[in-house]
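**Student:** structure for this input, please:
(4 chains)
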There are 2 protein chains.
Amino acid sequence: MTASQSTASEGLPIGAVSKRTGVKVPTIRYYEEVGLMPPAPRSDGNRRFYGEAAIRRLAFIRHARELGFEIEAIRDLLALSAEPQASCEAADGIALRHLAEIDSKIARLTALRAEVARMTEQCSHGRVAECRVIEVLANHDACLHATH
Amino acid sequence: MTASQSTASEGLPIGAVSKRTGVKVPTIRYYEEVGLMPPAPRSDGNRRFYGEAAIRRLAFIRHARELGFEIEAIRDLLALSAEPQASCEAADGIALRHLAEIDSKIARLTALRAEVARMTEQCSHGRVAECRVIEVLANHDACLHATH
DNA sequence: GCTACATCCTCTAGCGACTAGAGGAGCAAG
DNA sequence: CTTGCTCCTCTAGTCGCTAGAGGATGTAGC
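**Tutor:** Just a heads-up that it's a prediction; the model follows:
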């Protein structure tokens, strides 16, 4: 709430924004290129400068990416967040779809894990000829094959 | 063990191999290109033909891919499987490293899942302005932030 | 032999979400 | 004025395929 700080008027250059948000410089430029970030205003020397709104937007994107949302989904979420009066049904839907995606990935990985763990546990640490790891890979019948 | 079958002598063309192994035709060519499969012998008309050994190798690759092994790892596993007298320590190591990878992916996804689930559960299905989904994304402090 | 049609060939480009590097310009401090 | 940092643009690479263009070959029916 207290205004009047140091860098004030024009905003921060891309490197400072990168440090503040934890998003790498080329990634910020990439987000601009694909339209997630609006084209940043430039200084005389053609350098990008970012105000508070842009930095908040970037933090939003970063957080969404950390949570595994795809660029396309983030594009939609950003559009929604710009319309505070709209129903949040759409946003909820995006999140729910993402949740389902995560669940199916976890399920798949859990099945893989069981298979690979079984392989390694049965390995007798002898010669390749009787190695369970190699054997299971070579012979699909030798495995649990739940999902794959 | 019983020999003398129909297609016998030269081997199968790529399409038949694809059907038998479930690996798509362009993918088989891709595996040859990156050196996972040896260059297939060609017919007069420049078409690839595959014998039993090649088909077994392809099945091995497919199974390993299904289990999430990377191409590089499969390359190593194939090399190892060609040396039955060697110790299977290396193969075991590759599998164990892969297992650790899977575990860390599962852990990460599980943390994400909790976060996204919490977001959606708190959504009151009202306006965007008070939507928990949008809010959490905009404000990192509003989330559990375990791993991210 | 001829005509369809399927299958095969090579080559290039695209996916997602960046990352790396070349080659050059701007800028602040000593 | 030079050093060294940050910034700029542009191209190409990552992974494991997938899609498509444009053309050759093979096979079945007539």
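
**Student:** the strands in chain A, which residues?
**Tutor:** Here chain A has its strands, by DSSP state E, at A:12-13, A:49-50.

**Student:** now, of those strands, which is deepest in the fold?
**Tutor:** strand A:49-50 (a mean of 20; mean count of other CB atoms under 10 Å in any protein chain shown). Where C-beta positions appear, they are placed from N, C-alpha and C, glycine not excepted.

**Student:** tell me the strands beside that strand, with direction?
**Tutor:** Sheet pairing here is set by DSSP bridges, and for strand A:49-50 it gives strand A:12-13 (antiparallel).

**Student:** would you pull up how far the partner strand lies from the middle of the chain?
**Tutor:** Relative to its parent chain, strand A:12-13 has a centroid offset of 24 Å by CA atoms, centre = their mean, to the nearest Å.

**Student:** chain neighbours aside, what residue packs nearest to whichever residue of chain A sits closest to DNA strand D?
**Tutor:** With CB to the nearest atom of the strand, the shortest gap between chain A and DNA strand D falls at A:G15, namely 2.1 Å. Leaving aside its chain neighbours, A:G15 sits nearest to A:V25 (6.2 Å; criterion: CB to CB, 6 or more residues apart in numbering or on different chains).

**Student:** and that neighbour, what pLDDT?
**Tutor:** Confidence at A:V25, expressed as pLDDT, is 97.

**Student:** ok, A:C123 next?
**Tutor:** Confidence for A:C123, expressed as pLDDT, is 87.

**Student:** isn't it right up against A:I134?
**Tutor:** No: look at A:C123 against A:I134 with CB atoms under 8 Å: they stay out of range, at 9.1 Å.

**Student:** which residues do these two both contact?
**Tutor:** Common neighbours of A:C123 and A:I134, counting by CB atoms under 8 Å, 6 or more residues apart in numbering or on different chains, are B:88, B:91.

**Student:** for chain A, which segments count as helices?
**Tutor:** All helices of chain A, identified by DSSP state H, fall at A:14-21, A:25-33, A:52-66, A:71-81, A:89-121, A:132-138.

**Student:** tell me if the third one is near DNA strand C.
**Tutor:** Spelled out, it's helix A:52-66. Yes: using CB under 7 Å from any atom of the strand, helix A:52-66 reaches DNA strand C at A:R65.

**Student:** so is that helix next to chain B?
**Tutor:** Yes: using CB under 8 Å from any CB of the partner chain, we find that helix A:52-66 touches chain B at A:56, A:59-60, A:63-64, A:66.

**Student:** just the buried subset of these, written out for PyMOL, thanks.
**Tutor:** Applying 16 or more other CB atoms under 10 Å in any protein chain shown to the residues of helix A:52-66 next to chain B, the buried members can be selected in PyMOL as follows:
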select buried, chain A and resi 59+60+63+64+66
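
**Student:** just give me the neighbour total for A:I102.
**Tutor:** 20 (other CB atoms under 10 Å in any protein chain shown).

**Student:** distance of the residue nearest to it when sequence neighbours are not counted relative to DNA strand C?
**Tutor:** Sequence neighbours aside, B:R113 is the residue nearest to A:I102 in space, at 4.9 Å (criterion: CB to CB, 6+ apart). The spacing between B:R113 and DNA strand C, counted by CB to the nearest atom of the strand, to the nearest Å, is 17 Å.

**Student:** and B:R113, what pLDDT?
**Tutor:** 96.

**Student:** count the residues that sit near the closest residue to A:L144 other than its chain neighbours.
**Tutor:** Spatial nearest neighbour of A:L144, excluding adjacent residues (CB to CB, 6+ apart): A:E115 at 5.7 Å. Residues contacting A:E115 under the criterion other CB under 10 Å number 22.

**Student:** quick one: contacts for the residue nearest the centre of chain A?
**Tutor:** What sits nearest the mean C-alpha location of chain A, by CA atoms, centre = their mean, is A:R65, with 3.0 Å. Applying CB under 8 Å, 6+ apart, we find A:R65 in contact with A:I74.

**Student:** many thanks, we can stop here.
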